[in-house]
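*Asks:* pasting the sequence and the predicted coordinates here, then a few questions.
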Amino acid sequence: MMNDTQSQDKEHHISSSNRDSQGMLSPDQVLDKLTQLLGASNVQADPEKNEHYRMGWRSGGGSALAVLFPQTLLEIWRSLEVCVEGDCIIIMQAAKTGLTEGSTPSGNDYDRPVVVINTLAMNQLYLVNDNEQVISLPGATLHQLQSQLNAVNRAPHSVIGSSTLGASIIGGISNNSGGALVKRGPAYTELALFAQINEQGQLVLVNHLDVELGDTPEEILTNLQNGNFDKRELPDSGKLASDKEYIARVKDVDASTPSRFNADKRRLYEASGCAGKLAVFAVRLDTYPIAAKEKTFYIGTNSVSELAQLRRQILSSFDNIPEVGEYMHRDIFDVSAKYGKDTFLSIKHLGTDALPRLFSIKGAIDAKFHKWSWMPKHFTDKVMQFIATLFPKHLPKRMIEYREQYEHHLILKMSDEGIAEAQDFLKTFFAASDTGNYFECSQEESESALLNRFAAAGAALRYEIIHEKEVGEILALDIAIPRNELEWLETLPEEIEKHLEMKLYYGHFFCYVFHQDYILEKGSDAHLVKKMMLELLSARGAKYPAEHNVGHLYEAEPDLQNFYKSLDPTNSFNPGIGKMSKTKRNCSCCV
């Protein structure tokens, strides 16, 4: 195990002479050296052929000198050395599933050549400490981890959601991603291995995994990739490999601050929340035991305050807090049932294992069709939507009945001893209610409720695509509101309301993290509406974004800006995120 002093002794430095302006590599020389290093098949400089890797999942994109596909951790390191030698901007990329444009170039106004490094080829996972922890390399996905942990009766930080889309583990850590599980909190670790560029413009490798891997970058990265280290009893230095304080935090229902949000400086630490300001080679994370029993309760109500009181009482009085507590408004229930039907049926009949592959195939087809000007826009979405209409109704009868009766829906999943707690509480809570009710779900009803909720985000986007001639853009926000808030559902002023065709509310109710998708009226100015919306949210004490990070769509708060600057003093990694400057910083004069 290395302490901080020892790790500094083991940092590898590129000579500062390589940073001399007279000796800087030209863009052509950078490409030549990268091609010699990686091979021509792993360096893609053709804008038509690398377009997929330069464009965001939902929006955004920009130009790049090249997209690299290194096949080993050591090749990533060597690529970084060349990029530093050529004074290039570096954008680290894995599955590229982020929703705020944070893992691709943004525009064409950078002051240096941009190189994108895709890390998906390095996807090894190593279960350590009797499967209670895992070490993940940069290309490993949440879905891959979930499958591997199922075999040893353990669970990862996140299930379904982003894992089904193929999101990477390190991407989640880098963006403090949240999730649907009430007990987990933001993705977080203090144990990581990463490269950064220091104030002198030197590339350094920092091993804070608390795993002895060697002395040089070559030894450290090769031993890590090959699994040449003791996996049985890694040392415990006291550093966190998950947010162990989150349960106490979410139970504090009287706090005037949100439970989790991306700019929370409590959970900004090296790789955690770095948003690509470091090149992260590996992280070490906790895994979790799987519950022996689970039971889902489906709750409906027409009262905002009733649902708020239910949340407060469960969090403050239960010995066992929920596993899941997912909220859906009636409107998003309808949109998800109709426009998320293909996603629902794909998971139900093909399983979650098939979905990452299906999304990958769809992305490849979309990229191909995008180049053919005669093809209709969003052709695959329109075909999939049509095919879904050919299938019979897919939601259980009792869910449909609750949709007719109640405006607000809550999917509550309890485990083990918490099941009896919930049964007793809900029976008493709703005994005298004339605004709400609940039922205990069968296995099929539980799966259907959670799948309809999971399909919601994609369904909102699908709605906007199918109705593109009648409606304006979609404005998608993810927000965290104060834990003591009782009026949790917003009331919008007329100056905002008049721009909206539809409001779609859903989210992680016990964490008070909401996804709010607004379909705008045709012709409305999305930037103006967003500005008014964010001002209103700030006045409510809300924080945004809550779990998708700032990317290039949100302005970073001062704490987050300072964190980014401390990690990347020369502004060489992913510049411009958080609406910060894209230009190089001369650290000798930085304030």
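*Replies:* Great, that's in hand. Note that the coordinates shown come from a computational prediction; the quantities given were computed from them, not determined experimentally.
*Asks:* now for Asp254: which residues touch it?
*Replies:* Residues near Asp254 by C-beta atoms under 8 Å, 6 or more residues apart in numbering: Arg483, Asn484. From N, CA and C alone the C-beta is placed, and that goes for glycine too.
*Asks:* kindly apply the preceding question to Leu285 instead.
*Replies:* 133-136, 156-157, 169, 173, 187, 189, 191, 241-242.
*Asks:* return the set of residues that bridge with it.
*Replies:* Residues in a beta bridge with Leu285, per DSSP bridges, are Val134.
*Asks:* could you measure from it over to Ala187?
*Replies:* 8 Å (C-beta to C-beta, to the nearest Å).
*Asks:* repeat that for Gln423.
*Replies:* Per C-beta to C-beta, Gln423 is found 32 Å from Ala187.
*Asks:* what does Asp210 give?
*Replies:* For Asp210, the distance to Ala187 equals 19 Å [C-beta to C-beta].
*Asks:* just to revisit the earlier point, between Gln423 and Ala187, which is the more surrounded one?
*Replies:* Of the pair Gln423 and Ala187, Ala187 is the one with more neighbours under other C-beta atoms under 10 Å, namely 29 against 15.
*Asks:* is it true that the more buried one touches Leu181?
*Replies:* No: using C-beta atoms under 8 Å, Ala187 is not in contact with Leu181; the gap is 10.9 Å.
*Asks:* got any residues that touch both of the two?
*Replies:* With C-beta under 8 Å, 6+ apart, Ala187 and Leu181 have common neighbours His157, Ser158.
*Asks:* and the pLDDT for the closest residue to Ala192 other than its chain neighbours?
*Replies:* Of all residues not flanking Ala192 in the chain, Ala271 sits nearest, at 3.7 Å (C-beta to C-beta, 6 or more residues apart in numbering). Looking at Ala271, its pLDDT stands at 98.
*Asks:* and if you look at Gln22?
*Replies:* In this model, Gln22 is scored at 49, pLDDT.
*Asks:* same check, this time on Thr164
*Replies:* 51.
*Asks:* how near is Ile552 to Gln516?
*Replies:* Careful, residue 552 is His and not Ile. If you measure His552 against Gln516 using C-beta to C-beta, the figure is 20 Å.
*Asks:* nope, Tyr288 is what I was after
*Replies:* From Tyr288 to Gln516 the distance is 29 Å (C-beta to C-beta).
*Asks:* who has more neighbours, these two?
*Replies:* Between Tyr288 and Gln516, counting by other C-beta under 10 Å, Gln516 is the more crowded of the two (21 against 16).
*Asks:* the more buried one contacts Leu504, doesn't it?
*Replies:* Yes: using C-beta under 8 Å, Gln516 makes contact with Leu504 at a distance of 7.2 Å.
*Asks:* residues near the nearest residue to His378 once chain neighbours are set aside, how many?
*Replies:* Leaving aside its sequence neighbours, His378 sits nearest to Ile465 (C-beta to C-beta, 6+ apart; 4.6 Å). For Ile465, the neighbour count with other C-beta under 10 Å is 16.
*Asks:* phi first, then psi, for the residue nearest to Ala192.
*Replies:* Phi and psi for Ala271, reported as degrees, to the nearest 10, are phi -70, psi -30.
*Asks:* number of nearby residues for it?
*Replies:* For Ala271, using other C-beta under 10 Å, the count is 25.
*Asks:* ditto for Glu495
*Replies:* 11.
*Asks:* residue contacts, it?
*Replies:* Going by C-beta under 8 Å, 6+ apart, the list of residues near Glu495 reads Met532.
*Asks:* any common contacting residues for Leu285 and Ala187?
*Replies:* Shared contacts of Leu285 and Ala187, counting by C-beta under 8 Å, 6+ apart, come down to His157, Ile173.
*Asks:* sorry, back to before: my read: the residue nearest to Ala192 touches Gly171, true?
*Replies:* No: counting by C-beta under 8 Å, Ala271 does not reach Gly171; the two are 10.9 Å apart.
*Asks:* may I ask which helix or strand of this structure has the lowest mean pLDDT?
*Replies:* Lowest mean confidence among the helices and strands of the chain (mean pLDDT, DSSP states H and E): helix 4-9, at a mean of 38.
*Asks:* which residue ranges of the stretch 51-200 of the chain form strands?
*Replies:* 66-68, 89-93, 114-118, 125-128, 133-136, 154-155, 192-197 (DSSP state E, counting those that start in this stretch).
*Asks:* can you give me the helices in the stretch 451-591 of the chain?
*Replies:* For the stretch 451-591 of the chain, the helices defined by DSSP state H, counting those that start in this stretch cover 456-466, 494-497, 526-539, 558-567.
*Asks:* okay, those helices, which one's buried deepest?
*Replies:* By mean neighbour count, with neighbours taken as mean count of other C-beta atoms under 10 Å, helix 456-466 ranks first of the helices of the stretch 451-591 of the chain at a mean of 22.
*Asks:* just checking, Leu567 touches Gln196?
*Replies:* Yes: here Leu567 lies in contact with Gln196, judged by C-beta under 8 Å, at a distance of 6.2 Å.
*Asks:* list residues touching both of those two?
*Replies:* Common neighbours of Leu567 and Gln196 (C-beta under 8 Å, 6+ apart) are Lys277, Leu278, Phe573.
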